[in-house]
Each structure stands twice: as C-alpha cells, then as structure tokens.
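> Here is a sequence together with a model predicted from it:
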Amino acid sequence: MRSGEELDGFEGEASSTSMISGASSPYQPTTEPVSQRRGLAGLRCDPDYLRGAFGCLKVAQVILALIAFICIETIMECSPCEGLYFFEFVSCSAFVVTGVLLILFSLNLHMRIPQINWNLTIFGFLATAVYAVNTFLAVQKWRVSIRQQSTNDYIRARTESRDVDGRPEIQRLDT
C-alpha cells in the first residue's frame, strides 16, 4: 500500500511537492500563452500613426480624393464625357481605398490581419507611380498637339487672308 506522502497528489491534482520541485506532471501550467480572440473589442485609434508622416499623408489623400470627387459631381453637362467618367471612377476609388487603408493603419487592424503581407503592398503604390508618370507623359503629348493645332489654325487663317483670287472684292495691285 502507498504511504500518505505518495497519495498526496493522487486524487487528480498535482501535489504541492511536485509543483515546487518541478517534477513533471500533466497538471503543470503550459509554457505557451493561449491567444484569446477578441474580435473587434478593444479597438483604439493610434494617435502616433495619425501624427506621423504616413498618417498625415493618408489623411491628406483622403481629403483630396473626396474634394476631387465632389468637384467632378458638380459638372452638369459634358461633351465628350469619357474623360469625366474616368476621373470620377479614379477619384471615387482613391477615396475608398485610401480611406480603408487609413482606418486599417490608424486602428492597428493590420496587426490583426497577418494573412496580408503589408510590406509588399508598396508594389501597388509603385504601380500607381508608374501610372502617374504615364499620365504626365500623356498630358505633355496632348499639350504639344494642342499647340501644333493652334499653330496650324493660325497659318491657315493667314494663308486664307492672303488668297485674293477667290475674293473679287480685293483687287490685285499688279494688274
């Protein structure tokens, strides 16, 4: 039969001597913390992010995209409207996407979504920069074509004003 000392931790609980001595027991506490899912409880705005450079840029981007969207919605008539529709789409998309990113980062939700590699999202911004360069070059080409067209209109107008053959009211001096 067992002695009283041997029966001390036998009832399904770890004995105080085995807990103190560090003897292995199935009832010792785990060494890994158990993560508790809190859901959206405990959300707090991170003022350090909003005061930082990235936060200030995101807030400015959201405000400017909203202003652009409001301005484009005030136009009553257009002809042709394709460029207007594209600008409306871009400004609305920029407002929504940047607004979502601002919320994610200011509430530290990006820490709770580990499935997305947030460091790699800079490639999306690089693609945006490439589109910006493309837009810049397209505007430059458009300006050059407008200048050439206005120059051609001027030359045509001067040529027509010198054409006296088709205008009988103007007499040539050499005849």
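Done, it's in. Numbering: from 1, shown residues only.
> gap between residue 126 and residue 132?
10 Å (Cβ to Cβ, to the nearest Å). To be clear about C-beta, it is placed using only N, CA and C from the backbone, and glycine gets the same treatment.
> Same check on residue 124?
Distance, residue 124 to residue 132, by Cβ to Cβ: 13 Å.
> Next: residue 116.
From residue 116 to residue 132 the distance is 24 Å (Cβ to Cβ).
> Go ahead and report the secondary structure state at residue 80.
coil (DSSP: H, G, I helix; E, B strand; the rest coil).
> If you could redo that for residue 77, that was the one I meant.
Classification of residue 77 using three-state DSSP returns coil.
> Return the backbone torsion pair for it.
phi -130, psi 150 (degrees, to the nearest 10).
> and what of residue 81?
Given degrees, to the nearest 10, the pair of backbone angles that residue 81 has is phi -100, psi 0.
> oh, and call the first residue 56 from now on, that's how I've got it
In the new count, where the first residue is 56, that last one comes out as residue 136.
> Quick one: neighbours of it, just the number.
By the criterion of other Cβ atoms under 10 Å, residue 136 has 11 neighbours.
> what do you get for residue 134?
5.
> Now it. Its backbone dihedrals?
phi -160, psi 120.
> any idea how far it is from residue 126?
Plainly put, residue 134 is 18 Å away from residue 126 if you go by Cβ to Cβ.
> Repeat that for residue 111.
Going from residue 111 to residue 126 by Cβ to Cβ gives 22 Å.
> cool, residue 180 as well?
Noted for residue 180: a distance of 24 Å to residue 126, by Cβ to Cβ.
> for residue 155, same thing?
Using Cβ to Cβ, we find residue 155 at a distance of 22 Å from residue 126.
> Check residue 163 too.
The gap separating residue 163 from residue 126 is 33 Å, by Cβ to Cβ.
> just residue 171 next, same as before
On the measure of Cβ to Cβ, residue 171 and residue 126 end up 33 Å apart.
> confidence score at residue 192?
In this model, residue 192 is scored at 93, pLDDT.
> Neighbours of it, how many?
10.
> Can you classify it by secondary structure?
helix.
> Isn't residue 139 up against residue 128?
No - look at residue 139 against residue 128 with Cβ atoms under 8 Å: they stay out of range, at 10.1 Å.
> Flag the shaky bits of this protein, pLDDT-wise.
Applying pLDDT under 70 to the chain flags the ranges 56-96, 209, 211-230.
> Okay, helices next: where are they in it?
For the chain, the helices defined by DSSP state H cover 71-76, 102-106, 108-128, 137-161, 177-217.
> Would you mind saying which of these lies nearest residue 167?
Residue 167 sits nearest to helix 137-161 of all the helices of the chain, at 9.4 Å, using Cβ to Cβ.
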